[in-house]
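Colleague: predicted coordinates and the sequence they were generated for:
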Amino acid sequence: MMINDEAFIEVECSQLIKGGEAVAGDDFKTEILPNEQRYISVLSDGLGSGIKAALLSNMTTAMALKFVAQNKEVLKSSEIIMDSLPVCEVRKISYATFTIVDLINGVKARTVEMDNPELIHLRANREIVHEKKELVSKKWPSRKLLLSEFPVQLEDRIIFFSDGVTQAGLGMKPHKFGWTRSGCLKYIQELIAENPEISARKLSKAVVRQACCMDQCGKPLDDITCAVIYFRHPRRLRLLTGPPFKEEHDAEYAGYFRNFNGKKIVCGGTTAQIVSRELNIPIRTDLKNRTRGLPPASQMEGIDMVTEGILTLTELAVSLEKETPLSKMQPIIQNLYNLFMDSDIIEFIVGTKINEAHQDPNLPVDLEMRRNIIKRIRVCLEEKYRKKVTVRYI
């Protein structure tokens, strides 16, 4: 979420499902309230695993989001949640843990924790420990809420997870008592020391993978979920595709890459030729890299990626819409996807000259005009991946 032109909140969550289960018993939800400049995130761990646990955690995150957004009283809200959860037939209790992080104007965090491992707040890669107020429900005396409120600033990180992370490797050498919160904290600090600008997405994935490695059987013995909130300067990406409507605009068009501080992508052979000519950058193409029908990527110094246009953008749009796993994407699409995911502000500069090669009625139906494909990609990036996207036509 953009706070202003200099501040961005990156929120990402990674998860592995317990081995043998079809669904996760942990759930993570986040909601943006743009009019209030608030970003609310909730992580819940339902009792047990599988479908029943999923029901408990999903109900918990949904109700918690609603109550926090409406500024309901915390203790009363938690009691309503516990009263509403279905009772486990075996254990005769209704139970789900939760961690709530309510970010206000990008400068203050309010947190509520119940029975999840305590969240981690890092600044300059050092943990900051906050004073927490304890609330106990008379109705549910075994449930204790921990409330805290603290300021946040650029380069801070808030990390929280289910006990599938801290208990990973429990009873196994050399982690008899599991990975523990302190072990996880040490690992996170080592990662940040190696890469101070590691994204929330990559950090959460790394924590989940490492927790899974603790279980020597090679698969998770519990649901493993890690969420990371990273306050930082926004990362920008600019993509040029299609030639300008008028040839006299070619120099202006290519000039959008000049002095641009961010990732740069060119999609389209004609577009690449324009950029190459106007910026005096040669194009190098390796025809051996062609895979499954997509033309190979090219290389241009100073440009992060150079691809074919319509076919590649269409394949990217389909992958985003279907949420195709990264491992099942073609290599070119994987690289494009990673560039998009590692960026916050994405700008498409779209040339509007019609490419006559794409007017052949014998071409596949899905070979849509460039503007429609960009529109599909934009919708996915905004609605599914919380990116800020702008489109400029020339």
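Modeller: Looks like it arrived, so ask away.
Colleague: secondary structure class for residue 186?
Modeller: helix (DSSP: H, G, I helix; E, B strand; the rest coil).
Colleague: which of the residues in stretch 194-213 are buried?
Modeller: 198-208, 210-212 (16 or more other Cβ atoms under 10 Å). Heads up, the C-betas are built off the backbone N, CA and C, glycines and all.
Colleague: greatest separation within the residues you listed: which pair is it?
Modeller: Greatest spacing in those, by Cβ to Cβ: 199 and 212 (19.8 Å).
Colleague: where in the stretch 51-200 of the chain is pLDDT low?
Modeller: 87-94 (pLDDT under 70).
Colleague: number of residues surrounding residue 296?
Modeller: 16 (other Cβ atoms under 10 Å).
Colleague: equivalent analysis for residue 293, please.
Modeller: 8.
Colleague: again, but for residue 128
Modeller: What residue 128 shows, counting by other Cβ under 10 Å, is a neighbour count of 13.
Colleague: for it, phi and psi?
Modeller: Main-chain torsions, residue 128, degrees, to the nearest 10: phi -110, psi 120.
Colleague: again, but for residue 68
Modeller: According to degrees, to the nearest 10, residue 68 has phi -70, psi -40.
Colleague: in contact with it, which residues?
Modeller: Neighbour list for residue 68: 40, 42, 77, 100, 102, 112 [criterion: Cβ atoms under 8 Å, 6 or more residues apart in numbering].
Colleague: so what's the second one up against?
Modeller: With contacts defined as Cβ under 8 Å, 6+ apart, residue 42 is in contact with 28-30, 60-61, 64-65, 68, 98-101.
Colleague: run the last query once more with 7 Å
Modeller: 29, 61, 64-65, 98, 100 (Cβ atoms under 7 Å, 6 or more residues apart in numbering).
Colleague: returning to what we had before: so which of the buried residues of stretch 194-213 is the closest to residue 321?
Modeller: residue 201 (19.4 Å).
Colleague: pretty sure the closest one belongs to a strand, no?
Modeller: No - counting by three-state DSSP, one finds residue 201 to be helix, located in no strand.
Colleague: what are the boundaries of the helices in the stretch 151-300 of the chain?
Modeller: In order along the chain, the stretch 151-300 of the chain carries the following helices (DSSP state H, counting those that start in this stretch): 163-166, 180-194, 200-214, 250-254, 269-279.
Colleague: who wins for proximity to residue 338 among those?
Modeller: The minimum distance between residue 338 and the helices of the stretch 151-300 of the chain falls on helix 200-214, with 9.4 Å, by Cβ to Cβ.
Colleague: gap between the two ends of stretch 64-81?
Modeller: 8 Å (Cα to Cα, to the nearest Å).
Colleague: roughly how far is it from the heart of the chain?
Modeller: Centre-to-centre, stretch 64-81 and its host chain are 26 Å apart (Cα atoms, centre = their mean, to the nearest Å).
Colleague: now do stretch 249-259
Modeller: For stretch 249-259 - counting by Cα atoms, centre = their mean - the centre lies 31 Å from the chain centre.
Colleague: ok, residue 108 - contacts?
Modeller: With contact set as Cβ under 7 Å, 6+ apart, residue 108 has these partners: 149, 151-152.
Colleague: just those: which are in strands?
Modeller: 149, 151 (DSSP state E).
Colleague: all strands of the stretch 201-350 of the chain, in order?
Modeller: With strands called from DSSP state E, counting those that start in this stretch, the stretch 201-350 of the chain shows them at 224-232, 236-241, 263-267, 284-285, 298-300, 303-307, 345-350.
Colleague: any idea which of these scores lowest on pLDDT?
Modeller: Out of those, strand 284-285 stands lowest, with a mean of 86 (criterion: mean pLDDT).
Colleague: now do the SS call for residue 79.
Modeller: Under three-state DSSP, residue 79 comes out as helix.
Colleague: isn't it right next to residue 139, touching?
Modeller: Yes - the pair residue 79 / residue 139 is scored as a contact, 5.2 Å apart, by Cβ atoms under 7 Å.
Colleague: so between the two, which is more surrounded?
Modeller: Comparing residue 79 with residue 139 by neighbour count (other Cβ under 10 Å), the higher total belongs to residue 79, at 16 against 12.
Colleague: how about that one, what does it touch?
Modeller: 137, 139-140.
Colleague: quick check: it vs residue 113, distance?
Modeller: 16 Å (Cβ to Cβ, to the nearest Å).
Colleague: same deal with residue 120?
Modeller: 12 Å.
Colleague: so how far is stretch 241-258 from its chain's centroid?
Modeller: Counting by Cα atoms, centre = their mean, stretch 241-258 comes out at 32 Å from the chain centroid.
Colleague: hmm, who's touching it?
Modeller: Here stretch 241-258 has contacts from 238, 240, 264, 267-268, 270-271, 274-275, 278-279, 309, 313, 348-353, 370, 394, using Cβ under 7 Å, 6+ apart.
Colleague: filter the residues you listed to the buried ones?
Modeller: Using 16+ other Cβ under 10 Å, the buried ones in the contacts of stretch 241-258 are 238, 240, 264, 267-268, 271, 274-275, 278-279, 309, 313, 348-351, 370, 394.
Colleague: so which of the strands of the stretch 201-350 of the chain is the most surrounded?
Modeller: Mean neighbour count (mean count of other Cβ atoms under 10 Å) peaks for strand 224-232 among the strands of the stretch 201-350 of the chain, with a mean of 25.
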